[in-house]
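>>> Dropping a prediction and its sequence here:
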Amino acid sequence: MSECLDADVLVAVGDALERRADAAKHLQTCAVCRSQLEALQVTRTALCAGVAVPPVSLSAALSVVREARRQEQVIERRTSRWRQFAEAVAAGFVALLATVSSRVPLDSPAAAVTAFAVGALLMATGSALAQKVSVDSSI
Amino acid sequence: MAPLSHPVDFDLGRFHAGDDTLFAELVATHSPRLWRHLHRYAGGGVDAHDLLQEVWLRAFRKRHTFEGRGSFAGWLLTICRTVGLAALRRRARDSPAIDAACLPAPPHDASEVVLDTVLALPERQCEVVLLRLVEGLSTVETARRMQCSEGTVKSALHEATRKLRDQLKEVVR
């Protein structure tokens, strides 16, 4: 199989070479472009160059990031638990309200508590399941 | 000096999620450049070792502010400068012998002058310089990243180059 370049590529390469030759020629005579090119080279060198960092400093920086992530996860879990609790309480009240408004007779406080508890339990279970699905899908 | 193309497979989603592996790669790749600049701000019991940790901690906490449109290296260098200047201010506050009016400390090598000059450019010009020169993106890639036209990138680079030439005359000499 031939490894030669096709005509299109050759034309593109020729154009590029010609432009570069023009550019090189222009740079020889134009002080403004020369100084701009120098400024760009100095900028690139200054911003790209690095120096060796002691391994102990690199691992310390990484440890700080990992510790911050761990703390963030703890806060997220705590917030999530509180949110679940609040949702369950709200669902309990909604269940109780629904029971009352649908004229289901609540003969005793125990019946009201049961309606509340059923609502809260359903919400808490649903929320926990949703969280588990979301964690599983993110892994 | 070769430009720094994206050294790691930069996934914005993983970055925002605070992915451990990605951050390990970023710390290893970008710290050498930060280290060079952090020495400028070290002193008074605070060394580059402490400042490097502060920079990465801040980068981690502020990671959601990086939207992926501009240069990551530039975003990090800006944090580096913010952390460094805050260290200088703390030092001035804690030791009355240092005159706060003198802050920030004058740059003492060419790379610091260049960094200050680049970061002081208008935002679009600064981003173009960082993406084209530091990250080595082409005009087309830069335009795509910045969500603007190629013409805008070219004119911003042209204007930035003119300003850099004027402001870096002493360094270039």
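On my side now, so go ahead.

>>> Excluding residues flanking it in the chain, which one is nearest residue 64?
Picking chain A for this. Nearest non-adjacent residue to A:Val64, counting by C-beta to C-beta, 6 or more residues apart in numbering or on different chains: B:Gln53, 4.5 Å away. For every residue, glycine as well, the C-beta is placed using N, CA and C.

>>> ah, no, chain B please
Closest residue in space to B:His64, ignoring its immediate chain neighbours: B:His16 at 5.8 Å, by C-beta to C-beta, 6+ apart.

>>> Mind giving me the packing neighbours of the helix or strand containing the one you found?
Assigned by DSSP states H and E, B:His16 belongs to helix B:12-17. Judged by 3 or more C-beta pairs under 8 Å, 6 or more residues apart in numbering or on different chains; DSSP states H and E, helix B:12-17 is in contact with no other helix or strand.

>>> List of residues touching it?
Residues outside helix B:12-17 that contact it (C-beta atoms under 8 Å, 6 or more residues apart in numbering or on different chains): B:Leu22, B:Arg63, B:His64, B:Phe66, B:Glu67, B:Gly68.

>>> which is the next helix or strand following it?
Taking DSSP H and E, what comes next after helix B:12-17 is helix B:20-38.

>>> Report the buried residues of the helix or strand immediately after that next one in the chain.
Using DSSP H and E, the helix or strand that follows helix B:20-38 in sequence is helix B:48-61. Neighbour-count burial for helix B:48-61 flags B:48-60 (criterion: 16 or more other C-beta atoms under 10 Å in any protein chain shown).

>>> separation between A:Ala130 and chain B?
Here the criterion is C-beta to the nearest C-beta, to the nearest Å. By it, A:Ala130 lies 19 Å from chain B.

>>> does that residue count as helix, strand or coil?
Here A:Ala130 is recorded as helix under DSSP: H, G, I helix; E, B strand; the rest coil.

>>> Let's verify the residue in chain A that chain B sits nearest to: helix, strand, or coil?
Scanning chain A for proximity to chain B using C-beta to the nearest C-beta identifies A:Gly50 as nearest, at 2.8 Å. Following three-state DSSP, the label given to A:Gly50 is coil.

>>> who's in contact with the residue of chain B found nearest chain A?
Closest to chain A within chain B is B:Pro32: 2.8 Å, counting by C-beta to the nearest C-beta. B:Pro32 makes contacts with A:Gly50, A:Val51, A:Ala52, A:Val53, as judged by C-beta under 8 Å, 6+ apart.

>>> All set, thanks.
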